[in-house]
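**Q** my questions concern the predicted model and sequence given below.
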Amino acid sequence: MTSAPVWASDAQMGNISHLYATSNGAVMFYTDGARGTPPACQNAAVSQRYAIDASTTGGQAQAAALMTAYSLHKRIYIVGSGACTIWGDTETIAWFLVED
């Protein structure tokens, strides 16, 4: 028996806003890029929010790149993981691209 595929969303190039971090290592932010269909775990009230797990070394690298993009007012393209692993109602990102 195989499990159903996870639906991961994406967000087109957009600006980063409302960047904040929590005590469990979640770094969350909003983007105004047009978003594809989010996974079922994503709360519709925060549909433009994504999360990074900064409690891991990979997540720390993502958070550093995100903060750099934010401080330089660069837009980002996001691909989600299809799961809300670090914050229960917010999709954790798989990767993102910073606009040149």
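**A** Good, I have the coordinates. Residues are numbered from 1 along each chain as shown.
**Q** grab the nearest non-local neighbour of the residue most central in space within the chain.
**A** Note on the chain: the residue nearest the mean C-alpha position is residue 50, at 3.1 Å, using CA atoms, centre = their mean. Spatial nearest neighbour of residue 50, chain neighbours left out: residue 93 (5.0 Å); criterion: CB to CB, 6 or more residues apart in numbering. C-beta coordinates here come from the backbone N, C-alpha and C atoms, glycine included.
**Q** beta partners for the residue nearest to the centre of the chain?
**A** Following DSSP bridges, residue 50 is listed with bridge partners residue 29, residue 91.
**Q** looking at the protein, which helix or strand is least sure?
**A** Lowest on mean pLDDT, DSSP states H and E among the helices and strands of the chain sits strand 10-14, with a mean of 94.
**Q** what's it packed up against?
**A** strand 76-80 (3 or more CB pairs under 8 Å, 6 or more residues apart in numbering; DSSP states H and E).
**Q** contacts for the strand it packs on next, please.
**A** 8-14, 16, 31, 33, 38-39, 50, 66, 69, 91-99 (CB atoms under 8 Å, 6 or more residues apart in numbering).
**Q** neighbouring strands of the following helix or strand past the least confident helix or strand of the chain in the sheet, and parallel or not?
**A** Downstream of strand 10-14, the next assigned helix or strand under DSSP states H and E is strand 16-21. As defined by DSSP bridges, the strand partners of strand 16-21 come to strand 26-31 (antiparallel).
**Q** off-centre distance for the strand it pairs with?
**A** 6 Å (CA atoms, centre = their mean, to the nearest Å).
**Q** kindly report the same for stretch 15-35.
**A** For stretch 15-35, the distance to the chain centre is 7 Å (CA atoms, centre = their mean).
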